[in-house]
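1. Next comes the sequence, and after it the predicted model I'd like to discuss.
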Amino acid sequence: MKFLTLNCHSWLEENQTEKLAHLAENIATNDYDVICLQEVNQLMTSEKAFLDDWFIPSNTDVIIREDNFALRLQEQLQCLDKEYYWSWCYNHIGYDRFDEGVAILAKEPFIAQDTLVSQTKDVTDYHTRRILTALTAVEGKLVQVLSGHFSWWQEGFSFEWEQVQAFLADHSHPLVLMGDFNNPANTKGYKQIMESNWQLQDSFYAAKKTSGQETTLAQIAGWEKSNGERIDYIFLTPEFTVLSHEVLFNGDKTPIVSDHFGVSVTALWE
């Protein structure tokens, strides 16, 4: 089983078209089963998109516009003979001009659900956060996947994580939680995640083979005094054996495509 998470910083990057192509080519080459994306933007003024059956709506209605980054990525993947189902949920207005949200792409059809996890639901407030989940088959087994972009500890993470646990309290399938958690390892937020009843594995520590560590560039928005942080994670419940954890799009083996790097995990569920 192969998973990928990436905070895309979409439509805010220089040479965005080229970087989108690099991302699509990497996905096509590595043939990930599920991909979780954050900062998946669309211009608020763009035309409404025509959607086909590859789009899976969640329980909250959203308007998908023609420049939605996940839609553009899915279209490029189709040009590379890779077909993915996808869904997107809206979090808040970003940079005064974008509808910003999170997305999931998966090889197999899935049941999509989203829920508000922040204390505010005002889309003009960047503290407004929703998670997107997908119940999908991976190698013939049902897996519950989450894509989330969470707040910093001092701006509401603890409350958001409690809402995640409440939303998934009755889940009966193995969990894979992916995204930008905005809480570095060994901080209060990270410890709250690891102390959950799910007995989550941090793929970085659980993997038999690792490559790379930090998942952000230095001095990005929200981390202006940092030289790079590990805040993008893939957490898995104990059913999985984590074979590898690799940081991608960091300028090493793969080009930089965002102000965050991607995390790729290969796992077994036996």
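-> Noted; the coordinates are in hand. Numbers count the residues shown, from 1 in each chain.
2. what's the burial count for the residue nearest to L146 when sequence neighbours are not counted?
-> Excluding its sequence neighbours, the residue lying closest to L146 (CB to CB, 6 or more residues apart in numbering) is L177, at 4.6 Å. Backbone N, C-alpha and C define where each C-beta goes, glycine included. Residues within reach of L177, counting by other CB atoms under 10 Å, total 25.
3. L177 is in contact with F150, isn't it?
-> No: applying CB atoms under 8 Å, one finds L177 not in contact with F150, separated by 10.5 Å.
4. Name the next helix or strand following the host helix or strand of A112 along the chain.
-> Following DSSP states H and E, the helix or strand that holds A112 is strand 110-116. Next in sequence after strand 110-116, counting helices and strands by DSSP H and E, comes strand 130-138.
5. Can you name the residues in contact with the helix or strand just after that next one?
-> Next in sequence after strand 130-138, counting helices and strands by DSSP H and E, comes strand 141-149. Here strand 141-149 makes contact (CB atoms under 8 Å, 6 or more residues apart in numbering) with 1, 3, 5, 7, 34, 36-39, 91, 102-104, 106, 110, 117, 129, 131-137, 164, 168, 171, 173-182, 269.
6. Now do the same contact list for the closest residue to N68 other than its chain neighbours.
-> Setting aside the residues directly before and after it, N68 is nearest to Q42 in space (CB to CB, 6+ apart), at 4.1 Å. For Q42, the contacting residues are 11, 64-65, 67-69, 98-99, by CB under 8 Å, 6+ apart.
7. again, only this time at 6 Å
-> 65, 67-68, 99 (CB atoms under 6 Å, 6 or more residues apart in numbering).
8. now E100
-> 41, 91-92, 94.
9. mind redoing it with 7 Å?
-> By CB atoms under 7 Å, 6 or more residues apart in numbering, E100 lies in contact with 39, 41, 91-94.
10. sorry, back to before: what subset of the contacts of Q42 is buried?
-> 65, 67-68, 99 (16 or more other CB atoms under 10 Å).
11. Quick check: the farthest pair among those residues?
-> D67 and D99 (10.1 Å; CB to CB).
12. quick one, helices of the stretch 1-150 of the chain?
-> 16-30, 69-79 (DSSP state H, counting those that start in this stretch).
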